[in-house]
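Enquirer: Any chance you could fold what I've pasted below:
(chains A and B)
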Number of protein chains: 2
Amino acid sequence: MNISLEHAKQLDQEDPLSHYKSQFNLPEGVIYLDGNSLGTQPKASQGAVEKTLIQWRQELIKGWNQGWFDAPERLGNLMAPLIGAKEEEVLITDNITLNIYKLIGYITETQQPKRPVILSEGGNFPTDGYIAQGFCHFSEFEHRFFPEGSNLEDYLDDQVAVVIMSHVHYRTGVLRDMKVITEKVHQHGAEIIWDLAHSAGALAVDLAENSVNFAVGCTYKYLNGGPGSPGFLYVNKAHQDKGWQPLTGWHGHAAPFAFDLDYSPAVGITQFRTGTHSALIYSSLEASLQLWKEVDMQQLRQKSLQMTELFRSCVADVLLHHDIQDITPEPSKRGSQVSLINTEKGFAIVQALIARGVIGDYREPGLLRFGFTPLYLSYEDVWLAAQHFCDVVESGEYKKPEFQVRSSVT
Amino acid sequence: MNISLEHAKQLDQEDPLSHYKSQFNLPEGVIYLDGNSLGTQPKASQGAVEKTLIQWRQELIKGWNQGWFDAPERLGNLMAPLIGAKEEEVLITDNITLNIYKLIGYITETQQPKRPVILSEGGNFPTDGYIAQGFCHFSEFEHRFFPEGSNLEDYLDDQVAVVIMSHVHYRTGVLRDMKVITEKVHQHGAEIIWDLAHSAGALAVDLAENSVNFAVGCTYKYLNGGPGSPGFLYVNKAHQDKGWQPLTGWHGHAAPFAFDLDYSPAVGITQFRTGTHSALIYSSLEASLQLWKEVDMQQLRQKSLQMTELFRSCVADVLLHHDIQDITPEPSKRGSQVSLINTEKGFAIVQALIARGVIGDYREPGLLRFGFTPLYLSYEDVWLAAQHFCDVVESGEYKKPEFQVRSSVT
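Expert: Okay, here's the model as predicted:
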């Protein structure tokens, strides 16, 4: 490698975000480049969960009046600044799949004139397409894919009601031009639901600035809410209160404790709730969002780009000599990950790295994904991870039989 | 009161379930008659949640391969014997609202001939009607109510596709004749979705014996899974794999990690999953279900009926003299609660009891609900609660101004 450890240490010295690392519970001997799948544990999470366990034990049913019931809106407001949303525009609830379903229903119900097509990008994270297909399977709507990376405008005819796209692509890490795409979709009389799973907490997102009306995302990746912490849903204030969403549960009712016979949607973002949510997991997420309140997102973005560049520079020669392709986009079009491709060796390299404590992940076909999370990674970590990568590839360590066995679920 | 404390203590001596009480974290000075809203905390829950927090911290993404991912099916199998289901017929997932939506879609998609009406009982827990209305609002189906307590058969014409009913009514505590009603609905060519929220864990439910094909329920009431622990969904094996359910997420896909472009439902109960679930709350629920594995449900039912009878006997005179109506059904038609009505005093009596540490709940109009949970209540608790009830009513304590203020959310 042509970059020295001293250089990485120097970058750490100058890093304005370096103090955040001490606020996470990081396991010994691990360099974790998989925060884009499941974020690590903020130290405050444990206390927050224990507090909720005590509350359940001591307060029992009264806990619902002591912060549990309004957690979806309270945490939504905590999150709002991270994605350029205002108060009462974000709700923490259910998961991405369900939240997309609600928004497709909500948008198409009131759209005039009616249009028959839900359009999503081929190669998007599968659940985004699956749920659109489920909606269409049970309605008159038709689901279509447009080819990944093609010019969306070629597919935006007057039949398209809703477009679903990811802000940062889960495989390639490509960051889309939210402003330009949103504008194009609106010009064609359609709406777009942005999936922020790989951008919220990874970079500065500004939904208001980009005229976005609808978005969803998850909180267990870059936002470190905990395994399976709930999704979020965003509806611009001007687009609220236009009609029903389809998953009409009692928590989304205008008066949930009046026990009315008929459904009537709550005012504002609350109508996108369904039924009772888990207090335990909200408390873990809230502890994490409290930490995020203080983060300067411009500094975060700068560190993210510097880390991905550092890693790429350190491994560049080895990639070249071992026929591994770096498909990481240029910085202005990059999320917070490095994406490499080799269909023959990719799986085994990732396994060999995991055995050394460098956790990345592998997605068929041939994709090695390394996520860089500025809050709890140092430049030294990045340098060491790159060093391990070069060792594993150059030494042929990844060829060992134990690294060829495909058994993992995720 | 004409029943002595000694009598209650004697019943405790003879109680084969008395040893379970020590396995719960019960707050000092509280007699909890609201386990039909939120169950108390099994002592094992805390350790289970802490174990999952440690797993998140140390194993990070690998946790999904170490019991998190297959929790919906594993816990479903643990629960199955409690409701007379077999292995692979129960899935722990999402909440009741969402699970009813999935089942309405699943049933109506494949039903032949097509029928246009979803029928639910007026006065059922509101979310069961709301979600049916949501489904109908976005489809060609029509939602109808039949009046609470009326003869269902009068409303079962050849237009009815699906009936939604509660096994035990949340207000009155009336236990329905599952066998007779299910048979009637099937004879009319329709299907019924049973809501077991107030019967699972409250009494012996036998879905197989009663030829039930579809059911849902929750785990945070009598099953003590924790605040907002996930719902469950039951589909009889013979009725699985017939078509799609509408909420088609990646966890319900035939091959979730193949990242196929198109949705294809998983085989068996797994297709009723949607997206990523919270590992933390599943661990709390699993600890509770482990405890339930050993419970003799016949003993549980016997104790439940004895407790509700003891309470009713103890308060009978006071009810009579103070114009409070006891609408608790006869034992064979009773869930595990005592339901009293007085629209003028009801709210204040419940508040006065809460101030004394006797936690019941109040539902408009005029309903005082007291849930009796055989695992962690003793007969002595029941006797003492009745004593407090009589004191509060006879002394006029409930008339104090502080008990008239209506501010609680739940």
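Enquirer: What number of residues are in the vicinity of the spatially closest residue to A:Ala44 that is not a sequence neighbour?
Expert: With sequence-adjacent residues excluded and distances taken as C-beta to C-beta, 6 or more residues apart in numbering or on different chains, A:Ala44 is closest to A:Ala287, at 3.9 Å. The way it works is simple: take the backbone N, C-alpha and C, and place the C-beta from them, glycine included. Neighbours of A:Ala287 under the rule other C-beta atoms under 10 Å in any protein chain shown: 22.
Enquirer: do A:Lys345 as well
Expert: Using other C-beta under 10 Å, A:Lys345 is surrounded by 20 other residues.
Enquirer: May I have the residues that are in contact with the residue lying closest to it once chain neighbours are set aside?
Expert: Leaving aside its sequence neighbours, A:Lys345 sits nearest to A:Tyr398 (C-beta to C-beta, 6+ apart; 6.1 Å). Residues near A:Tyr398 by C-beta atoms under 8 Å, 6 or more residues apart in numbering or on different chains: A:Lys345, A:Ala348, A:Ile349, A:Gln351, A:Ala352, A:Val392.
Enquirer: Make JSON lines out of those residues and add secondary structure and pLDDT.
Expert: What follows is the contacts of A:Tyr398, written out as JSON lines (DSSP: H, G, I helix; E, B strand; the rest coil; pLDDT from 0 to 100):
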{"residue": "A:Lys345", "secondary structure": "coil", "pLDDT": "96"}
{"residue": "A:Ala348", "secondary structure": "helix", "pLDDT": "97"}
{"residue": "A:Ile349", "secondary structure": "helix", "pLDDT": "98"}
{"residue": "A:Gln351", "secondary structure": "helix", "pLDDT": "97"}
{"residue": "A:Ala352", "secondary structure": "helix", "pLDDT": "98"}
{"residue": "A:Val392", "secondary structure": "helix", "pLDDT": "98"}
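Enquirer: and of the residues you listed, the nearest to chain B?
Expert: A:Gln351 (12.2 Å; C-beta to the nearest C-beta).
Enquirer: if we can go back for a sec, just the buried residues out of the contacts of A:Tyr398, in PyMOL syntax.
Expert: Restricted to buried positions by 16 or more other C-beta atoms under 10 Å in any protein chain shown, the PyMOL selection for the contacts of A:Tyr398 reads:
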select buried, chain A and resi 345+348+349+351+352+392
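Enquirer: a markdown table please, covering the contacts of A:Tyr398 and showing distance to A:Lys179.
Expert: Conversion of the contacts of A:Tyr398 to a markdown table gives the following (distance: C-beta to C-beta, whole Å):
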| residue | distance to A:Lys179 |
| --- | --- |
| A:Lys345 | 39 |
| A:Ala348 | 41 |
| A:Ile349 | 37 |
| A:Gln351 | 40 |
| A:Ala352 | 41 |
| A:Val392 | 40 |
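Enquirer: Would you confirm that the residue nearest to A:Lys345 belongs to a helix?
Expert: Yes. Counting by DSSP: H, G, I helix; E, B strand; the rest coil, A:Tyr398 is part of a helix.
Enquirer: For A:Val162, what are phi and psi?
Expert: phi -140, psi 140 (degrees, to the nearest 10).
Enquirer: buried residues in stretch A:242-262?
Expert: A:Trp244, A:Gln245, A:Pro246, A:Leu247, A:Thr248, A:Gly249, A:Trp250, A:His251, A:Gly252, A:His253, A:Pro256, A:Phe259.
Enquirer: now the end-to-end length of it.
Expert: 18 Å (C-alpha to C-alpha, to the nearest Å).
Enquirer: Equivalent analysis for stretch A:264-281, please.
Expert: Stretch A:264-281 has its terminal residues 28 Å apart, counting by C-alpha to C-alpha.
Enquirer: now do stretch A:364-377
Expert: When the termini of stretch A:364-377 are compared using C-alpha to C-alpha, they are 26 Å apart.
Enquirer: Is there proximity between the least confident helix or strand in chain A by mean pLDDT and chain B?
Expert: Using mean pLDDT, DSSP states H and E, the weakest-scoring helix or strand in chain A turns out to be strand A:361-363, at a mean of 93. Yes. Counting by C-beta under 8 Å from any C-beta of the partner chain, chain B has neighbours in strand A:361-363: A:Asp361, A:Arg363.
Enquirer: quick one: strands adjacent to that strand?
Expert: Its sheet considered, strand A:361-363 pairs with strand A:367-371 (antiparallel) by DSSP bridges.
Enquirer: now the partner strand: how far from the chain's centre is it?
Expert: How far strand A:367-371 lies from its chain's middle: 15 Å, per C-alpha atoms, centre = their mean, to the nearest Å.
Enquirer: just stretch A:280-290 next, same as before
Expert: 16 Å.
Enquirer: give the contact list for the residue nearest the centre of chain A.
Expert: By C-alpha atoms, centre = their mean, chain A has its centre lying nearest to A:Ala197, at 1.9 Å. A:Ala197 makes contact with A:Ile96, A:Phe125, A:Ser166, A:Val168, A:Tyr170, A:Gly217, A:Cys218, A:Lys221 under the criterion C-beta under 8 Å, 6+ apart.
Enquirer: Over to it. Which of the three states is it?
Expert: A:Ala197 ends up coil, using three-state DSSP.
Enquirer: helix or strand for A:Thr108, which one?
Expert: Assigned by DSSP states H and E, A:Thr108 falls within helix A:96-110.
Enquirer: before we move on, back to that, could you identify the helix or strand that succeeds the one helix or strand the residue nearest to A:Ala44 maps to?
Expert: Using DSSP H and E, A:Ala287 falls within helix A:279-292. Per DSSP H and E, the first helix or strand lying C-terminal to helix A:279-292 is helix A:297-321.
Enquirer: Columns pLDDT and secondary structure on top of the buried residues of stretch A:242-262, output as JSON lines?
Expert: Formatted as JSON lines, the buried residues of stretch A:242-262 follow (pLDDT from 0 to 100; DSSP: H, G, I helix; E, B strand; the rest coil):
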{"residue": "A:Trp244", "pLDDT": "98", "secondary structure": "coil"}
{"residue": "A:Gln245", "pLDDT": "98", "secondary structure": "coil"}
{"residue": "A:Pro246", "pLDDT": "98", "secondary structure": "coil"}
{"residue": "A:Leu247", "pLDDT": "98", "secondary structure": "coil"}
{"residue": "A:Thr248", "pLDDT": "98", "secondary structure": "coil"}
{"residue": "A:Gly249", "pLDDT": "98", "secondary structure": "coil"}
{"residue": "A:Trp250", "pLDDT": "98", "secondary structure": "helix"}
{"residue": "A:His251", "pLDDT": "98", "secondary structure": "helix"}
{"residue": "A:Gly252", "pLDDT": "98", "secondary structure": "helix"}
{"residue": "A:His253", "pLDDT": "98", "secondary structure": "strand"}
{"residue": "A:Pro256", "pLDDT": "95", "secondary structure": "coil"}
{"residue": "A:Phe259", "pLDDT": "90", "secondary structure": "coil"}
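Enquirer: Great, nothing more from me.
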